[in-house]
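below is the structure, and that's it, no one-letter string:
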């Protein structure tokens with residue numbers, strides 16, 4: 001009897017948070033050997049237990065990643081997890097390959113950087129694929145998730161924030177805005193979603209509405225919008241009122257714990273879709 005062909009290994013370029021852990025677990029459950037690259041001061045140490053092998057690198061060590069993947073026979077990889085973007089100013093130790101690439105990038109916005117890294121990997125024979133390939137169940141669902149429903153005024157804020165977030169995303173600045181009474185209080189940039197919520201929520205005093213969308217040209221291979229229990233904790237700390245997320249185009253972590261926390265705090269959590277006419281549907 002012939003043994004089934006072994007699947008090739010899959011690379012995992014891991015940032016922070018639980019997404020890399022979930023990916024590694026799901027990929028191994030599908031019979032893939034997970035070859036992980038973990039980033040110092042970002043990636044959870046637990047990844048070493050979830051992946052088959054792990055190599056720790058500093059941000060910017062692209063040549064080391066390529067060499068490691070070649071040694072392990074990796075022909076395709078994913079990006080999963082967050083990198084604290086402000087570290088690009090103070091905590092980078094690029095090798096020659098990383099520095100060469102960095103100097104070639106004219107516009108150092110999120111997607112431009114990640115696409116440049118992906119192109120370099122693919123030039124080296126390492127294909128970059130979508131990090132959701134084994135995790136479709138993590139997509140944010142459409143509809144009301146919390147017990148509390150949005151008021152008429154809150155729905156107006158959601159529609160207003162949606163148009164602003166779409167415009168900001170088109171410029172590749174961020175994925176999240178904080179609004180109240182159809183005024184923009186904060187726009188997510190390099191500081192990340194939680195910091196934007198804290199900043200906007202403090203200005204609002206209470207009742208802030210947070211809208212988080214994918215960018216219009218979002219590359220599903222990296223940096224998908226994501227929310228979880230921590231997002232609700234941040235929103236509750238500033239007495240925020242609503243979290244509205246683009247359904248099917250972003251990730252949700254710790255769903256049950258997230259909704260319980262939202263219900264305890266009286267926060268609305270809703271997933272919405274936009275049709276071709278720009279109308280939102282829950």
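Done, it's in. Values in this document were obtained by computation on a predicted structure and should not be read as measured data.

which residues of the stretch 101-250 of the chain fall in strands?
Secondary structure of the stretch 101-250 of the chain, counting by DSSP state E, counting those that start in this stretch: strands at 127-128, 143-144, 176-180, 183-187, 209-212, 226-227, 242-246.

mind listing what the fifth one pairs with, with the direction of each?
If I follow you right, that is strand 209-212. Partners of strand 209-212 in the sheet, by DSSP bridges, are strand 176-180 (antiparallel), strand 242-246 (parallel).

one step back: which of the strands of the stretch 101-250 of the chain sits most buried?
strand 209-212 (a mean of 29; mean count of other Cβ atoms under 10 Å). No exception for glycine: its C-beta is placed from N, CA and C like everyone else's.

now it: mean pLDDT?
Mean pLDDT, strand 209-212: 98.

quick one, the longest helix seen in the chain and strand 176-180 angle?
Looking across the chain with DSSP state H, the single longest helix is helix 152-170. Helix 152-170 runs at 150 degrees relative to strand 176-180, counting by axes from the mean of the first three to the mean of the last three Cα atoms, to 10 degrees.

can you list the residues that contact stretch 155-170?
150, 174-182, 184, 187-188, 209-218, 242, 244, 270, 272, 274, 280 (Cβ atoms under 8 Å, 6 or more residues apart in numbering).

actually stretch 8-15, not the one I typed
Counting by Cβ under 8 Å, 6+ apart, 20, 23-24, 27, 32-39, 42-43, 47, 51-52, 65, 69, 72-83, 126 sit against stretch 8-15.

the nearest residue to residue 121 once chain neighbours are set aside and residue 222, how far apart?
What sits nearest to residue 121 in space, not counting adjacent residues and going by Cβ to Cβ, 6 or more residues apart in numbering, is residue 128, at 5.7 Å. Going from residue 128 to residue 222 by Cβ to Cβ, to the nearest Å gives 8 Å.

what stretches of the stretch 1-150 of the chain score poorly on pLDDT?
1-5, 85-96, 98-99, 101-112 (pLDDT under 70).

so which bits of stretch 269-282 are buried?
For stretch 269-282, the buried set under the neighbour-count rule, 16 or more other Cβ atoms under 10 Å, comprises 269-272, 274, 282.

what about that stretch, distance to the chain center?
Computed by Cα atoms, centre = their mean, to the nearest Å, the separation of stretch 269-282 from the middle of its chain amounts to 20 Å.

assign residue 79 to helix, strand or coil.
With DSSP: H, G, I helix; E, B strand; the rest coil as the basis, residue 79 sits in strand.

now the helices for the stretch 51-200 of the chain?
62-71, 96-104, 110-123, 152-170, 193-204 (DSSP state H, counting those that start in this stretch).

a markdown table for these, including mean neighbour count and distance to residue 264?
Putting these into a markdown table (neighbours: other Cβ atoms under 10 Å; distance: least, Cβ to Cβ, whole Å) gives the following:
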| stretch | mean neighbour count | distance to residue 264 |
| --- | --- | --- |
| helix 62-71 | 18 | 42 |
| helix 96-104 | 15 | 44 |
| helix 110-123 | 17 | 33 |
| helix 152-170 | 18 | 19 |
| helix 193-204 | 20 | 17 |
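
now do the contacts for the residue lying closest to residue 129 once chain neighbours are set aside.
In space, and not counting its chain neighbours, residue 129 is closest to residue 76: 5.4 Å by Cβ to Cβ, 6+ apart. Residues in contact with residue 76 (Cβ under 8 Å, 6+ apart) are 8, 10-11, 126-129.

mind checking which of the residues you listed are buried?
Applying 16+ other Cβ under 10 Å to the contacts of residue 76, the neighbour count classes 10-11, 126, 128 as buried.

format the strands of the stretch 101-250 of the chain as TSV; extra columns: distance to residue 117.
Putting these into TSV (distance: least, Cβ to Cβ, whole Å) gives the following:
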stretch	distance to residue 117
strand 127-128	8
strand 143-144	36
strand 176-180	23
strand 183-187	25
strand 209-212	24
strand 226-227	19
strand 242-246	25
